[in-house]
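Student: What shape does this take:
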Amino acid sequence: MGRMSDPLSDVLRSVKLTGGVFLDVRLTAPFCVVSELTSEDVRAILQNPVQLVFFHVVMAGRMLLEVEGEPAVEVEAGEIVLLTHNDVHTLASEPGLVPVEARSLVVVSEDGGLARISHGGGGEETRMACGFLGSAADVNPVFRMLPRVLKLDLRHAASRDWVESSVRFAVAELARGRLASAGVVSRLAEVLFVEAVRHHVQSSAPGDHEPRWLTGLTDPHVADALALIHRDLRREWVTGDLARAVGMSRSVFVERFTSLVGLPPISYQRRLRMALACQQLREGRFAISQVADAVGYESEEAFSRAFKRAMGTSPAQWRLRSALAP
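Tutor: Next up is the predicted model:
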């Protein structure tokens, strides 16, 4: 059997994903709303969801999205932001504003069309379509490995034209009081999610077009181990502890993990740390000491030694070379 052409889609397809677009939002500056998605909100489309992802497709304007404990994320027209753990979050035109409950602003359509929110101080308008992706089956392990907030720039997405036209179709149909094709909307939500996860995967592992850890997600024990590693890169795992955490003997665990992922567990963690370090160095927003801490090194010196062993150059030189690259 040949290698899967799209392992990410294959992994996600193992859990039936259902999606919908259910809210048309128009906010004018200044605005600040706190938003939450519950199982009751999606009951008409999905009964008893185990996992929910809330997403916002920004069609005009810009906003700041913030989840408690995370830095605010700026989202503008042409971008999509996904709340992969369905966290309560605020949407604001600027920092420091007092939030209003979004739920209290919802106006339900009497003819079965799209529910709407129209709110704000009358300044610059931000318009978005809000939707969800969910499953009533067991939680797909890929969800556990994702950051709480994922952003996708549609202007650079492979499926940009299809996604953009599908969002506009769904919103237009619902705005006219007609239900958009369930198949189109569900497919739209799935494509949004797959595109966002693919972008995250590729930016976390530069140059690795089809990362091997996706294959590891097909095995529940290896998937659990991958989730533990990805969840906290600062933690210094010992192979035996990782094996016990997922309920396997050390020898069987190492053999299975290496077979599926392509590296032993601790080597995989080191490579993942270096991939994240490269990403943060390229972005240029963090000091080298901050990058070192983010990827689990107690000192900048220890990080620099490990980075040079892995990459053949120092973090400072790598950052400079990356900045000069076309």
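
Student: what residues are up against the residue nearest to the spatial centre of the chain?
Tutor: Closest residue to the average C-alpha location of the chain: residue 150 at 3.2 Å, with Cα atoms, centre = their mean. By Cβ atoms under 8 Å, 6 or more residues apart in numbering, the contact set of residue 150 is 81-82, 84, 196-197, 199-200. All C-beta atoms are positioned from the backbone trio N, CA, C, and that covers glycine.

Student: how about it, secondary structure?
Tutor: strand (DSSP: H, G, I helix; E, B strand; the rest coil).

Student: Show me what it is bridged to.
Tutor: Counting by DSSP bridges, residue 150 is bridged to residue 82.

Student: Just want to check the distance between it and residue 84.
Tutor: 6 Å (Cβ to Cβ, to the nearest Å).

Student: And residue 104, by the same measure?
Tutor: Distance from residue 104 to residue 84, by Cβ to Cβ: 26 Å.

Student: Looking at the two, which is more packed in?
Tutor: residue 84 (24 against 10; other Cβ atoms under 10 Å).

Student: Kindly reformat the contacts of residue 150 as JSON lines containing secondary structure.
Tutor: Listed next are the contacts of residue 150 as JSON lines, based on three-state DSSP:
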{"residue": "81", "secondary structure": "strand"}
{"residue": "82", "secondary structure": "strand"}
{"residue": "84", "secondary structure": "coil"}
{"residue": "196", "secondary structure": "helix"}
{"residue": "197", "secondary structure": "helix"}
{"residue": "199", "secondary structure": "helix"}
{"residue": "200", "secondary structure": "helix"}
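
Student: Switch the residues you listed over to a markdown table; also include distance to residue 29 and pLDDT.
Tutor: Output for the contacts of residue 150, formatted as a markdown table (distance: Cβ to Cβ, whole Å; pLDDT from 0 to 100):
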| residue | distance to residue 29 | pLDDT |
| --- | --- | --- |
| 81 | 18 | 93 |
| 82 | 24 | 92 |
| 84 | 27 | 89 |
| 196 | 26 | 77 |
| 197 | 31 | 77 |
| 199 | 28 | 74 |
| 200 | 29 | 73 |
